[in-house]
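> Quick one, what's the 3D model for this:
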Amino acid sequence: MLKKSIFIILLCIGFVSMCGTRNGAQGQQSDSNDFTLSSLEGREYTLSAYKGNVVLVDFWATWCPPCRTSIPALISLYDKYHDQGFVVLGISNEDHATLTAFRDEYKVNYPILIDDQKVMQSYGVQSIPNMYIFNKQGKVAKHQVGFSPEMEALFDSFIDSLLAE
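Just a heads-up that it's a prediction; the model follows:
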């Protein structure tokens, strides 16, 4: 029993350190990493079309525990700020059926886009969740790798300040 507990603790520590938390990339232009991807419904979304809005791009996967933890927070933020010009674009490279089942189960109300790895590669995504928040000018205002529940309040405050600009 003790060996199993130690193994689980070490596994959790390794997973958390792998996901990490990193901020940076402030001021990057979105044009250099513009993309167009299709949603689960087949609608095309182009990042640069959302200039004038605050946009959170979330690279994630259904099998990732921190990603699953972040989804309710992103839904809450989307619900709170969507009418003020806040957009969430979830990007995953999993298959359509898996993403659709997840969306329906978790009641995800923002667009889930399907990537063929090219967008993830262009952003240098190596760990997930990996989030970029773009200001109204289309520049990266925040880059966040990893997520924990207490971060929701920080995101809330940050998004609120970007929308007020």
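> any idea how far R103 is from N135?
27 Å (CB to CB, to the nearest Å). Yep, even glycine has a C-beta here, placed from its N, CA and C like the rest.
> pLDDT on stretch 151-165, on average?
The average pLDDT within stretch 151-165 is 95.
> same question, stretch 37-46
Here the average pLDDT along stretch 37-46 is 97.
> gap between stretch 114-127 and the chain center?
12 Å (CA atoms, centre = their mean, to the nearest Å).
> lowest-confidence helix or strand of this protein?
helix 2-19 (a mean of 37; mean pLDDT, DSSP states H and E).
> so how many other residues sit close to K118?
11 (other CB atoms under 10 Å).
> what residue ranges in the chain score low on pLDDT?
1-32 (pLDDT under 70).
> quick one, strands of it?
Ranges of strands in the chain, per DSSP state E, are 36-39, 44-46, 54-59, 86-92, 112-114, 130-134, 140-145.
> Pull the number of nearby residues for P129.
Around P129 there are 23 residues (other CB under 10 Å).
> Could you pull up the residues touching it?
19, 58-60, 64, 66-67, 70, 144-147 (CB atoms under 8 Å, 6 or more residues apart in numbering).
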